[in-house]
Structures are given as C-alpha cells and as structure tokens.
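*Asks:* Mind looking at a prediction? Sequence and model below.
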Amino acid sequence: MKRTKICDIFNPALVGSQVCVKGWVRTRRGNKHVQFVALNDGSTIKNIQIVFDLEKFNEEELKAVTTGSSLCVEGLLVESMGKGQTCEIQAERFEIYGAADATTYPLQKKGHTLEFLRDIAHLRPRTNTFGAVLRVRSVLAYAIHKFFNEKGFFYLNTPLITASDAEGAGAMFQVTTLPLDKLPKTEDGAVDYSKDFFGKKASLTVSGQLEGELGATALGAIYTFGPTFRAENSNTPRHLSEFWMIEPEMAFYDITDNMDLAEEFIKYCVRFALDNARDDIEFLASMYDKELIDRLEFVINNKFVRLTYTEGIKILEESGHKFEFPVYWGADLSSEHERYLVEEHFKKPVILTDYPKEIKAFYMKQNDDDKTVRAMDVLFPKIGEIIGGSEREASYDKLLKRIEELGIPMKDMWWYLDTRKYGTVPHSGFGLGFERLVLFVTGMTNIRDVIPFPRTPGNAEF
C-alpha cells in the first residue's frame, strides 16, 4: 500500500479509507484492552494516533513499539472521539523497521533542556521543538528564493574559499594543505604560501558581497544565499562561527531603493512563514514565546521608521535610560541601544542610516560631510540589527583612497577596483544573516538552536 505522509492524513476525504503511514514513535500508552501510539514522520508538528486493539495484537508483538522506534502501520482511518485529534488509525498490520532501546534512547517523554539537546544534535530534530524550527527554516529558505526570483534577481554562487577579507575584520579561518608540523619558510622566516595549494594565503569567506557586486554590475540584480564563516571568539547567544547569509546586490539602486527592498523583503519572508508554517509557529509560540505571533504581525503591519544614526544617538542620549554600554556620537551601537529605539521609543521596526565612516566597512559610499557613509541597518524587536547594508562607493578615487587609509593590501583588491574603472554605476546591497531571521520568526532565544549543527568556539561536533 502506498504511504500517506502524516501532514496529509488529516484530510477529511480520507476518513473511512485504508491508509499506510510510516514514522517514529513519540509516545505509547494504554491498558490491557487497547494501546495508543503517537506516530510522527517529520512532515508536520502533528502526530497521528494509532490504536492497537489487543484482541488483534498480543502484548509480545507490541513489546518493541517503544519511544523512538520506527514503524510502518496499515489500517482504517476513522474519526477520533478523543481530545486533540480529528482522526486516528485503527491498526490492522504493522512492521517495526528499527527498534529503539527504551533504557538508552535519550528522548523519552519528559521535558529536555535546550542545553541538553545541543549535546545530542544528531537526535534533537526528532523533538517537537526542533522539528518545528527546522521546518520553519526550510519554509523561510524557500521564501527567500521565491521573493528574489519574482523580482527578477539572478542567483549567484560566490566562492567559499577566498584570498580577500570583505569586511576588513581579519577574523577568518585559514585554508591550507601545508604540513603544520613542518611549514615551508621564506628567507626572512615567514610562511611560504607559494608552496600552498592555491599558491597564496587563502581563507574561508566572511561574505560573498564583493563578488556579488561584480555580478550586479553585469546582470543588474543578483542575490547570494550560502554559508559564511567568522573566526571570532564570540560565545554569545547571537553568534555562530558558520552561518548562512543572504546578500542581494543591485546596480542602479541608491540607498533609498536599498531600504525599500530590505523592508519589502523582510516583510515578505515573515508573511510567507506565517502563511506556510503556521502550525509550527503556533507550537513554538505556545512553548517558548506567547507574544511571538503578535510580534511577527507587528513587523508586517508597520511601516519601518527611518532616521539617521545622528538622530538615533540624540534620542538615546536624551532618553534618561541607563545603558550598560555608553552612548556617544561615533559609538558602534550595541543590541541594547538598537532594541531601545525599536521597542521603547518608536515601538516599530527602525532603519538607521548615515553611520560614521570609522565604524563601517571601506566599500560604503561616503557622504559629502566626509564624516558619514550611506550605511543602513534594519533593527527589529528582541534581535536588534537583522539586516546591514549600504549604497556602495562608486567612485574609483574615493574607494582607492579609503582602501589606502585602512591599509588593505592592493594586491587583493585590484579586481574589485576594476568595476569602478570600467562603467561604474550607483549600486547598493545588504546582508541578512539567515539564522537571525530564523531566530526572529521562531521566537527562539539562542542562535545555536536554529541551525541543525551549530559551529561555535570549541565546538565542531557531529
């Protein structure tokens, strides 16, 4: 008999028909007359209840039907009299695919802390929480591709191995095949990277943006969506060493066009998740964050406030609020400052623009005041910054001067500067950390709980 996924089994048209389901046992309970098994196949947060009549099955047959075991069940789908489900399956035949030792299987029917589940990341997707999170993550990934495809953007794959540091931060993972116990050296004692695999020093990328700009200045509008890597020793609930980034880059877009796109994009993704992963979001809201759905609707239904960094600093300085980190013009705003503007002052999402050039990357377009650049950060409740972007510097001379001021090696940047020598245009782009978006939409509080296998300082398990 052909299998029906559990997400499809609740179709009223199937009631009264023979069905086949396959999945993993979540719970088993009952008495000497009947046994009830909750089965889940990962396609939905909902379990289907299987009813085993003990006149048809003996206790010995059912002994291996334990939490965590996998089953194939055939039977009659009937309306359920019980609370919490509309239908159930009266089992007629079943097969155990894989048993699970009840004494050692770690996901028994009891509450587990998120910290404990991180230690068994190979099994945690089988829990209701992580099943829900991963389905929401998948829905959001689809929404991202759908949005940009509908807008006429082209999907560009940028390199994961690079010789340039897009952010100028230097916190990069090195890629090498050199023998670490016997490194080749140059005459002056430095590591001889000419002997390395790529003939030069190479690292894992921190961003696909620079290569994305090359694509935008040929195809008009592109987006990247792929893994990026940061070797910062940041053990916080908001940082990962390996995470996914969405980075659109658009020729002929100024900073206002960029802000318009960012607002439209983020609202589209949140709405798509609410429309297509509602059961999972409602479950996460009930378990972790009662205000989650209201907050998601709040983002969709409010026009984002736009103001300059200078105006934002003035509001923070005059707020009378006691912040952990000091507020002054030139300070890089922390999450507490960003959240104050969103949650306390405006009570709306905020886009801050025109940051001091000293705290932003070299490629951002400089304003006429020679102090600020056309940067933009989108700030959300509970998260702080969720999107960072800018209009890019289109002037060859200004970009070259900034590169020289910051001491960025020119040998690494010649190809990037070429786009300003040959047919330069106004262009803009932004970056969205995918896990930050998933964090916001699921209501989870630690970014390690919205990626299947988190990579953080001191942790590369599984």
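*Replies:* The structure has been received and is ready for your questions.

*Asks:* For the protein, give me the ranges with low pLDDT.
*Replies:* 165-170 (pLDDT under 70).

*Asks:* Try it again at 80.
*Replies:* 82-84, 110, 164-170, 410-412 (pLDDT under 80).

*Asks:* Do I have it right that residue 378 meets residue 265?
*Replies:* No: if you go by Cβ atoms under 8 Å, residue 378 and residue 265 don't touch, sitting 9.6 Å apart. In this view, the C-beta of every residue, glycine as well, is placed from N, C-alpha and C.

*Asks:* Need phi/psi at the closest residue to residue 242 other than its chain neighbours.
*Replies:* Excluding its sequence neighbours, the residue lying closest to residue 242 (Cβ to Cβ, 6 or more residues apart in numbering) is residue 455, at 3.9 Å. Main-chain dihedrals, residue 455, degrees, to the nearest 10: phi -110, psi 120.

*Asks:* Who are the contact partners of residue 455?
*Replies:* For residue 455, the contacting residues are 240-242, by Cβ atoms under 8 Å, 6 or more residues apart in numbering.

*Asks:* And for residue 23, the neighbour number?
*Replies:* Close neighbours of residue 23, defined as other Cβ atoms under 10 Å, add up to 23.

*Asks:* can you pull the contacts of it?
*Replies:* 6, 39-42, 48, 70-71.

*Asks:* Where do the helices of the stretch 251-400 of the chain begin and end?
*Replies:* 255-276, 278-288, 292-301, 309-317, 335-339, 396-405 (DSSP state H, counting those that start in this stretch).

*Asks:* actually the stretch 1-150 of the chain, sorry about that
*Replies:* Using DSSP H, counting those that start in this stretch, helices in the stretch 1-150 of the chain cover 59-62, 114-118, 128-150.

*Asks:* Need the winner for burial among those.
*Replies:* Of those, the one with the most neighbours on average (mean count of other Cβ atoms under 10 Å) is helix 128-150, at a mean of 19.

*Asks:* Packing partners of the helix or strand following that helix?
*Replies:* As assigned by DSSP states H and E, the chain's next helix or strand after helix 128-150 is strand 154-155. If you count contacts as 3 or more Cβ pairs under 8 Å, 6 or more residues apart in numbering; DSSP states H and E, strand 154-155 packs onto helix 128-150, strand 221-229.

*Asks:* Show me what strand 154-155 pairs with in its sheet, parallel or antiparallel.
*Replies:* Partner strands for strand 154-155, per DSSP bridges, with pairing direction: strand 221-229 (parallel).

*Asks:* picking that back up, present the helices of the stretch 251-400 of the chain as TSV; the columns should include mean neighbour count and distance to residue 152.
*Replies:* Output for these, formatted as TSV (neighbours: other Cβ atoms under 10 Å; distance: least, Cβ to Cβ, whole Å):
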stretch	mean neighbour count	distance to residue 152
helix 255-276	19	12
helix 278-288	17	29
helix 292-301	16	23
helix 309-317	18	32
helix 335-339	19	32
helix 396-405	15	28
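
*Asks:* For residue 212, find the nearest of those.
*Replies:* Closest approach to residue 212 among the helices of the stretch 251-400 of the chain (Cβ to Cβ): helix 255-276, 13.4 Å.

*Asks:* For residue 5, grab phi and psi.
*Replies:* phi -70, psi 150.

*Asks:* re earlier: how close does the residue nearest to residue 242 sit to residue 234?
*Replies:* Going from residue 455 to residue 234 by Cβ to Cβ, to the nearest Å gives 12 Å.

*Asks:* And residue 142, by the same measure?
*Replies:* As judged by Cβ to Cβ, residue 142 and residue 234 stand 29 Å apart.

*Asks:* show me the contacts for residue 378.
*Replies:* 262-263, 266, 304, 349-351, 385-388, 430.

*Asks:* and residue 12, which of the helices of the stretch 251-400 of the chain is closest to it?
*Replies:* Of all these, helix 278-288 sits nearest to residue 12, with 17.0 Å by Cβ to Cβ.

*Asks:* Residues contacting that closest one, please?
*Replies:* Here helix 278-288 makes contact (Cβ under 8 Å, 6+ apart) with 44-46, 128-129, 131-133, 135-136, 273-274, 291-293, 296, 441-445.

*Asks:* re earlier: output the helices of the stretch 1-150 of the chain in JSON lines; the columns should cover distance to residue 15.
*Replies:* Listed next are the helices of the stretch 1-150 of the chain as JSON lines, based on distance: least, Cβ to Cβ, whole Å:
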{"stretch": "helix 59-62", "distance to residue 15": "25"}
{"stretch": "helix 114-118", "distance to residue 15": "36"}
{"stretch": "helix 128-150", "distance to residue 15": "25"}
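
*Asks:* Can you say which of those is nearest to residue 209?
*Replies:* Comparing those by Cβ to Cβ, helix 128-150 comes nearest, at 15.5 Å.
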